[in-house]
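1. Just a sequence and a predicted model for now, questions to come.
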Amino acid sequence: MDTHDRERSATWRYGFAVWAVAVASAVTWLSQFAGLGHPHTAFLAAIVLTGWSAGPGPAVVTTVVSLLAYELSPLTPASETQLVERLPRFLWFALFALLAARFSVARQRATRLLRQARNDLERQVESRTAELTRTHAYLTEAERLTHTGSWAADVATGAVLYWSEEMYRICGFDPARGLPTGEAVRQLSRPEDRDRSRERIELAVRERRDETLNHRIVRPDGAVRHLHSVLHPVVGARGEVTGLVGTTIDVTERKRAERALRRARERALGARFTAVLEERTRLARDIHDTLLQGFTGVALQLVATINRMTLPAEATAALRDVVGLAQKTLADARRAVWDLRSPALAAGDLVAALRSAAEDSVRGTGLALEYETVGPPQAVGHEVEEVALRVVQEAIANAVKHAAARTIRVRVEFEPRGMRVQVRDDGRGFTVDPGAHSYGGHWGLLGMRERAGRIGGTLGVRSAPGEGTEIVLAAPYSTVDAARAMRRESASA
């Protein structure tokens, strides 16, 4: 309000005071003229009306002027005696006038303050409402971008108390139909996940602490979603858990990405392994076709030369020692070439490869071979094939070199979660090193144990002097199965 408006307002307020007194005087004069006595109601009404409408200043003016107009006006002439008699009534009127003025001013001030407070409150409510609206919009957008929903539920009844917009989208419900029932929400979980979900909820309520839950749901449209939920118990004044609030994150896309990445890594590892095996097979074939064939020809020529020549016994023995060394070196070279080849590429399948390796290992040794297969053969990974084949070859080679055995028994068992390969001989046996450092000097056994560990398997050695030796390889069907088993053990721990 500018200066002109304030001056006009003051003029209006004090003019209103004068007008109110004038009207009260006129009403009083008419009352006296009509013989109605000397009422003071009109002046009191003028004081109250002025204080209510014009404020404290005009109310004071109206009070003073009313007192003068009521008792000193020429409309009410009186003698000195009458004035003295009317003095108490005048004082009472003055007291009521002052009280009326104070009351009206107080009411006017209270009304003004109340109006101002209401306006301030409305402005605060409007500002706070706008702020809450912006916050809700930001929160809704953040939930949409992060696929995170929030919710609240009653523990006693299991009823859903609140669902955010993102929760409706995650679970595939229509927000227009209102909050879903607790039973409808429970039915979303896959049957195999319901017991675990209930246990985690009960644990959060019983321990009064936050818990996490990984579970899967089947939406009404049939889509399966992977969810990660954080549960927070709400504790009442008496320490009881009255409800649960939490957040739920849709991690389906992340799970899919992890699965795709894992499959890509498996394919890359498989391709790399296949390439390595193919290269090793090519090298083995080249060595066999060139170096070994030439060395075999040299050994045969030496044998033929010895048979045709007549030499002293010492020279003949020396030449035969040379031939024996050449044949031993040739056998070692063939074994090295065999180690380079892939068992799958060499034999076509594991059963055939193991049988062929066992037969080749005992050929010419005089040992009897017993070979047995238990259970339907399963598909086996390249790494497991190679380790199984090397274990059979090394176990039979050890029996030939050290055991003085008569019979070798090879047993291959295909079990639900993996395979077992047993190689047993009836030879002299030995004392097994308890610390498994070198198995009593048998370094080949240590190498087999290390190979088994690389594919997630185990190697057992049972032997005693005079009781023969048994080698048992327990292995998964693939290194992928071994990795999954290790993850399950870690999760359960």
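-> On my side now, so go ahead. Numbering: from 1, shown residues only.
2. from the chain's centre, how far out does stretch 417-424 sit?
-> Offset of stretch 417-424 from its chain centre (C-alpha atoms, centre = their mean, to the nearest Å): 40 Å.
3. Alpha carbons only: can I get that stretch in PDB?
-> Extracted C-alpha coordinates of stretch 417-424, given in PDB (Å, rounded to 0.1, in the frame of the first residue of the first chain):
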ATOM      1  CA  ARG A 417      26.700 -86.000 -10.800                       C
ATOM      2  CA  GLY A 418      30.000 -87.200 -12.000                       C
ATOM      3  CA  MET A 419      32.200 -90.200 -12.900                       C
ATOM      4  CA  ARG A 420      34.600 -92.500 -11.100                       C
ATOM      5  CA  VAL A 421      37.600 -94.200 -12.700                       C
ATOM      6  CA  GLN A 422      39.200 -97.000 -10.600                       C
ATOM      7  CA  VAL A 423      42.500 -98.700 -11.600                       C
ATOM      8  CA  ARG A 424      43.500-101.600  -9.300                       C
END
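4. Pull out the buried residues from it.
-> When burial is assessed from 16 or more other C-beta atoms under 10 Å, stretch 417-424 yields the following buried residues: 418, 419, 420, 421, 422, 423, 424. C-beta coordinates here come from the backbone N, C-alpha and C atoms, glycine included.
5. so the residue nearest to the third one when sequence neighbours are not counted, which of the three states?
-> With C-beta to C-beta, 6 or more residues apart in numbering as the criterion, residue 420 has its nearest non-adjacent residue at 4.3 Å, and that residue is residue 413. Taken by DSSP: H, G, I helix; E, B strand; the rest coil, the conformation at residue 413 corresponds to strand.
6. pLDDT score assigned to residue 413?
-> With respect to pLDDT, residue 413 scores 93.
7. check contacts around it.
-> Residue 413 makes contact with 373, 374, 375, 419, 420, 421, 422 under the criterion C-beta atoms under 8 Å, 6 or more residues apart in numbering.
8. give me the number of residues near residue 180?
-> 18 (other C-beta atoms under 10 Å).
9. one step back: and the residue nearest to residue 420, what are its bridge partners?
-> residue 374, residue 420 (DSSP bridges).
10. For residue 352, see how far away it is.
-> Applying C-beta to C-beta, to the nearest Å, the value for residue 413 to residue 352 is 17 Å.
11. before we move on, what about residue 241?
-> In terms of C-beta to C-beta, residue 241 sits 64 Å off from residue 352.
12. Repeat that for residue 18.
-> 126 Å.
13. Residue 455 reaches residue 388, doesn't it?
-> No. Judged on C-beta atoms under 8 Å, residue 455 makes no contact with residue 388 at a distance of 9.1 Å.
14. tell me, what's touching these two both at once?
-> Contacts common to residue 455 and residue 388, judged by C-beta under 8 Å, 6+ apart, are residue 475.
15. neighbour count winner among the two?
-> Between residue 455 and residue 388, residue 388 has the larger neighbour count (other C-beta under 10 Å), namely 26 against 20.
16. which ones are touching the more buried one?
-> Listed by C-beta under 8 Å, 6+ apart, the contact set of residue 388 reads 343, 350, 354, 380, 419, 421, 473, 475.
17. Am I right that residue 461 sits in a strand?
-> Yes. Applying three-state DSSP, one finds residue 461 inside a strand.
18. how near is it to residue 406?
-> 20 Å.
19. Who has more neighbours out of those two?
-> Neighbour count, other C-beta under 10 Å: between residue 461 and residue 406, residue 461 has more, with 20 against 11.
20. wait, isn't residue 215 in contact with residue 196?
-> Yes. Counting by C-beta under 8 Å, residue 215 does reach residue 196; the two are 6.9 Å apart.
21. The two: who's more crowded?
-> Set side by side, residue 215 and residue 196 show more neighbours around residue 215, with 19 against 13, by other C-beta under 10 Å.
22. And that one, its phi and psi?
-> Backbone torsions for residue 215, taken as degrees, to the nearest 10, come to phi -150, psi 170.
23. For it, list each beta-bridge partner.
-> Here residue 215 sits in beta bridges with residue 227, as judged by DSSP bridges.
24. Tell me the confidence at residue 438?
-> At residue 438, the pLDDT value in this model is 45.
25. same check, this time on residue 89
-> 59.
26. Repeat that for residue 31.
-> Reading off the model, residue 31 has pLDDT 71.
27. What are the structural domain limits within this structure?
-> As given by automatic domain parsing, the domain ranges for the chain are 3-123, 147-250, 266-341, 347-493.
28. Now distance to residue 134 too, for those, in a markdown table please.
-> As requested, these are arranged in a markdown table below (distance: least, C-beta to C-beta, whole Å):
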| stretch | distance to residue 134 |
| --- | --- |
| domain 3-123 | 17 |
| domain 147-250 | 16 |
| domain 266-341 | 48 |
| domain 347-493 | 43 |
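29. among the ones you listed, which is the most enclosed?
-> Counting by mean count of other C-beta atoms under 10 Å, domain 347-493 has the highest mean neighbour count of those, with a mean of 17.
30. Now find how far off-centre that one is within its chain.
-> How far domain 347-493 lies from its chain's middle: 42 Å, per C-alpha atoms, centre = their mean.
31. where do the strands sit along the stretch 251-400 of the chain?
-> 368-374 (DSSP state E, counting those that start in this stretch).
32. where are the low-confidence patches of it?
-> Applying pLDDT under 70 to the stretch 251-400 of the chain flags residues 270, 273-274, 277, 281, 284-286, 288-293, 295, 311, 332, 334-348.
33. where exactly do the helices run in it?
-> Using DSSP state H, counting those that start in this stretch, the helices found in the stretch 251-400 of the chain span residues 252-287, 293-308, 313-340, 343-347, 350-362, 382-398.
34. I'd like to know which elements the second one is packed against.
-> With contacts defined as 3 or more C-beta pairs under 8 Å, 6 or more residues apart in numbering; DSSP states H and E, the packing partners of helix 293-308 are helix 313-340.
35. need the contact list for residue 139.
-> Applying C-beta under 8 Å, 6+ apart to residue 139 gives no contacts.
36. Oh, that last question was meant for residue 251, not what I typed.
-> 147, 226, 227, 228.
37. try it again with 7 Å
-> Applying C-beta atoms under 7 Å, 6 or more residues apart in numbering to residue 251 gives the contacts 226, 227, 228.
38. Let's test this: what are the backbone torsions at it?
-> Taking degrees, to the nearest 10, you get phi -110, psi 20 for the backbone angles of residue 251.
39. and the gap between it and residue 445?
-> 46 Å.
40. Could you do residue 28 as well?
-> Distance from residue 28 to residue 445, by C-beta to C-beta: 131 Å.
41. ok, now residue 25?
-> From residue 25 across to residue 445, the span is 131 Å (C-beta to C-beta).
42. do residue 455 as well
-> Residue 455 sits 17 Å away from residue 445, taking C-beta to C-beta as the criterion.
43. How about residue 471?
-> Plainly put, residue 471 is 8 Å away from residue 445 if you go by C-beta to C-beta.
44. Identify the contacts common to those two.
-> Joint contacts of residue 471 and residue 445 (C-beta under 7 Å, 6+ apart) are residue 461.
45. How about the contacts made by residue 380?
-> Per C-beta under 7 Å, 6+ apart, neighbours of residue 380: 350, 419, 477.
46. now do 6 Å
-> When contacts are counted by C-beta atoms under 6 Å, 6 or more residues apart in numbering, residue 380 touches 350, 477.
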